[in-house]
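Student: One predicted model, sequence on top.
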Amino acid sequence: MRHSFIQGTVLCTLAAGFIGSLGAMTSAYADETLSYQVLKEGEPIGFETVEITDTPDGYTAKIKTRTDVKVLFLQFQYGHERTEIWRDNQLVSVDTDTNDDGSPYLYKAEYDGDCYEVAGKRVAKRDACDGAWPLTLWREDITAKTSLYSVINAEPYAVTTRKTGTETLAIENRETPATHYVMSGDVDRDLWYGIDGKLLKTSFKRKGYDIDFVRVDAKNLQK
């Protein structure tokens, strides 16, 4: 009887541990919204949001970006919306709609494993089997990719990304632990990811100006 009781207790404990681990894995992309402020030379010029919604076999990410900036006497506006469907942590499809200062772009990419086909408005139809993703920086595992493509017009990019170490970022005036990567090649980006594997900050140059996307909802990641 004692042996049965101990055995049952151990099995229950193991089961609870397994269920807890399973819950942690499946909640890695639980419903949430990542919010970013876009800065030019330290001044706010727009925002980006990543709305993540669970599905029975994966999740959907809806990305919205808006910027409005004045350079000298010229006003530039950018609007972008993108829907990514992920299944079993694999990208299944991407739909984009972009207004790049009055120039509209629209495309859809559909995947079968590492192979995909992309076509749309002002976007030439092409297919490839290089496992490329769009330049969707919110996930840390994009740093393992060497083939990417533009979220605007699906232009292919060849990149390499190296990890430079761990740092502490000042976000919303609080210290936030981060892993720093440097992406180079057809795209140059400094990337910082939080302990949740999601983007905290990216920095790059655009027309000679410093541009930053800084996450503003990261209080639960801060020290």
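Tutor: The structure has been received and is ready for your questions. Numbers count the residues shown, from 1 in each chain.

Student: The top strand by length along the chain - what's its average pLDDT?
Tutor: Ranked by number of residues, the top strand in the chain under DSSP state E is strand 156-171. On average, the pLDDT along strand 156-171 is 96.

Student: From the contact counts, what lies against it?
Tutor: Other elements packing on strand 156-171 under the criterion 3 or more CB pairs under 8 Å, 6 or more residues apart in numbering; DSSP states H and E are strand 147-149, strand 174-185, strand 189-193, strand 199-206. Placement of C-beta: from N, CA and C, glycine included.

Student: Need these in JSON lines (columns: distance to Val69).
Tutor: As requested, the helices and strands packed on strand 156-171 are arranged in JSON lines below (distance: least, CB to CB, whole Å):
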{"stretch": "strand 147-149", "distance to Val69": "24"}
{"stretch": "strand 174-185", "distance to Val69": "23"}
{"stretch": "strand 189-193", "distance to Val69": "19"}
{"stretch": "strand 199-206", "distance to Val69": "9"}
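
Student: closest to Glu41 out of these?
Tutor: strand 199-206 (10.6 Å; CB to CB).

Student: Name the strands paired with the next helix or strand after the closest one and say parallel or antiparallel.
Tutor: Next helix or strand after strand 199-206 toward the C-terminus (DSSP states H and E): strand 209-215. Partner strands for strand 209-215, per DSSP bridges, with pairing direction: strand 32-40 (antiparallel), strand 199-206 (antiparallel).

Student: hey, what's Ser147 bridged with?
Tutor: Bridge pairing for Ser147 - DSSP bridges - gives Ala158.
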